[in-house]
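1. model the following, please.
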Amino acid sequence: MTSNIRYKSRIPVKTGEENAEEKQYVGFATLPNQVHRKSVKKGFDFTLMVAGESGMGKSTLVNSLFLTDLYKDRKLLNAEERINQTVEIIKHTVDIEEKGVKLKLTIVDTPGFGDAVNNNECWKPITDYIDQQFEQYFRDESGLNRKNIQDNRVHCCLYFIPPFGHGLRPVDVEFMKALHEKVNIIPLIAKADCLTPNEIKKLKDRIREEIDKFGIKVYQFPECDSDEDEEFKQLDKELKECTPFAVIGSNTVVEARGQRVRGRLYPWGIVEVENQSHCDFVKLRNMLIRSHMHDLKDVTCDVHYENYRAQCIQEMTSKLAQDNRMESPIPILPLSTPDVETEKLIRLKDEELKRMQEMLNKMQQQMHDKEQ
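-> The predicted model follows:
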């Protein structure tokens, strides 16, 4: 038994212009809002690797960037323990929420890198770790249950270059060349408060020259679209001119000019972490978190992971083809023998060609006799 019930809805009276606009409006313009709501509800994840020798301020900078304390349980090694230490991979994961947006931040630390007397292939555990994360993601992506895939791929690597010296050391060059096809590398000049502004400028120029000279592929900022506002274009230009970033980290709050700021107190004055005339910390934070975090993830997924995935598929295909050839080799077919009719036609053609050749010889002989 079915019943038909009609409900009357009260539609507000609209003007002619509003009706015309509504007829032309489909509604797919709300798609960005739908994606935004879904993304915010799901949350975001970001994996950041920090690499460089001990004492470069890696832990302090990470805590300064994300306003958290990831290393409160860290044990500092003495000189003897540091000599015998090998390169480790240590993960720190923390859930951060800001204005309703959730971020699962994973920091991959590499204690022991560059601390030994012989640093030959000290980057091998790091490259192995990056490949392991690619492999795990590839396995999950190729599996049956793809609904809740955990993305632990390394999206960015901050590489700390010592402020002393005259540019890149051999271990710096070898490390970045070993990783530049696997991860987005952002080189940093550590402990920039050890240098004067003029020294920082010279060191930046030297590092940029050596990066080009050795063919190192560091993270490239994407080109601005023509419809971007002028403020964003100016920010992007400043970021490109500022690399490699000269940074200072501090978790200490000091008082400067009547204000409480994060910085370092020295006998000759105060170095403010967030003062752009003192260091590039603010520019690094803006780039890493506020403007280019999503692009870093896109490049990881679309370039570095795709290269790894294509290589895996190619190796699997080659191995499968080789196994198939070994299991079922291609049989050698016997040469086909011509049938009787074909042989007869060939023989007739040969006889015809022979008669034509004889006639040609006779004609040539007659012409020769006439000439004599």
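
2. how far does stretch 264-279 sit from its chain's centre?
-> Remark: stretch 264-279 is offset 33 Å from the chain centroid, using Cα atoms, centre = their mean, to the nearest Å.

3. how about it: buried residues?
-> Residues 264, 271-273, 275, 278-279 are the ones in stretch 264-279 that count as buried (16 or more other Cβ atoms under 10 Å). Where C-beta positions appear, they are placed from N, C-alpha and C, glycine not excepted.

4. out of these, which is nearest to residue 255?
-> Ranked by distance to residue 255 (Cβ to Cβ), the buried residues of stretch 264-279 are led by residue 272 at 11.0 Å.

5. my guess is that closest one meets residue 282, correct?
-> No - using Cβ atoms under 8 Å, residue 272 makes no contact with residue 282, being 10.1 Å away.

6. give me the contacts around stretch 310-319.
-> With contacts defined as Cβ atoms under 8 Å, 6 or more residues apart in numbering, stretch 310-319 is touched by 135, 138.

7. how far off centre is that stretch?
-> 21 Å.

8. for the buried residues of stretch 264-279, which one is nearest residue 345?
-> residue 279 (91.9 Å).

9. ok so the closest one is a helix residue?
-> No - counting by DSSP: H, G, I helix; E, B strand; the rest coil, residue 279 falls outside a helix, being coil.

10. tell me how far residue 297 lies from residue 35.
-> Distance, residue 297 to residue 35, by Cβ to Cβ, to the nearest Å: 15 Å.

11. same check, this time on residue 246
-> For residue 246 relative to residue 35 (Cβ to Cβ), the value is 37 Å.

12. for residue 133, phi and psi?
-> Per-residue torsions, residue 133: phi -70, psi -40 (degrees, to the nearest 10).

13. my bad, should have said residue 143
-> According to degrees, to the nearest 10, residue 143 has phi -80, psi -180.

14. tell me how many other residues crowd it.
-> Burial measure for residue 143: 9 neighbouring residues, criterion other Cβ atoms under 10 Å.

15. which intervals of the chain have sub-threshold pLDDT?
-> Along the chain, the model assigns pLDDT under 70 to residues 1-26, 70-87, 112, 114-119, 326-340, 370-372.

16. how about the spatially most central residue of it, secondary structure?
-> Nearest to the mean C-alpha position of the chain, counting by Cα atoms, centre = their mean, stands residue 300 at 2.9 Å. Look at residue 300: counting by three-state DSSP, its state is helix.

17. that one is in contact with residue 157, isn't it?
-> No - Residue 300 is beyond contact range of residue 157, at 10.5 Å (criterion: Cβ under 8 Å).

18. shared neighbours, these two?
-> 183-184.

19. leaving out chain neighbours, which residue sits closest to the residue nearest to the centre of the chain?
-> With sequence-adjacent residues excluded and distances taken as Cβ to Cβ, 6 or more residues apart in numbering, residue 300 is closest to residue 155, at 4.8 Å.

20. tell me if I'm right that that neighbour and residue 295 touch.
-> No - judged on Cβ under 8 Å, residue 155 makes no contact with residue 295 at a distance of 9.9 Å.

21. look at those two and report which has more neighbours.
-> Taking neighbours as other Cβ under 10 Å, residue 155 and residue 295 compare with residue 155 leading, 23 against 16.

22. residues contacting that one?
-> Going by Cβ under 8 Å, 6+ apart, residue 155 touches 46-48, 183-184, 293, 296-297, 300.

23. now do residue 41
-> Shown here is residue 41, which makes no contacts under the criterion Cβ under 8 Å, 6+ apart.

24. one more: residue 240?
-> Residue 240 is in contact with residue 221, counting by Cβ under 8 Å, 6+ apart.

25. tell me which element it falls in.
-> helix 230-242 (DSSP states H and E).

26. that helix: what's the following helix or strand?
-> Assignment by DSSP H and E places the next element after helix 230-242 at strand 245-246.

27. name the helices or strands packed onto that next one?
-> strand 185-189, helix 197-213, helix 281-285 (3 or more Cβ pairs under 8 Å, 6 or more residues apart in numbering; DSSP states H and E).

28. quick one: contacts for residue 37?
-> Residue 37 touches nothing, counting by Cβ under 8 Å, 6+ apart.

29. that one looks like it's in a helix, true?
-> Yes - counting by three-state DSSP, one finds residue 37 located in a helix.

30. am I right that residue 174 is in contact with residue 124?
-> No - at 10.8 Å, residue 174 does not count as touching residue 124 under the criterion of Cβ under 8 Å.

31. who has more neighbours, those two?
-> residue 174 (17 against 11).
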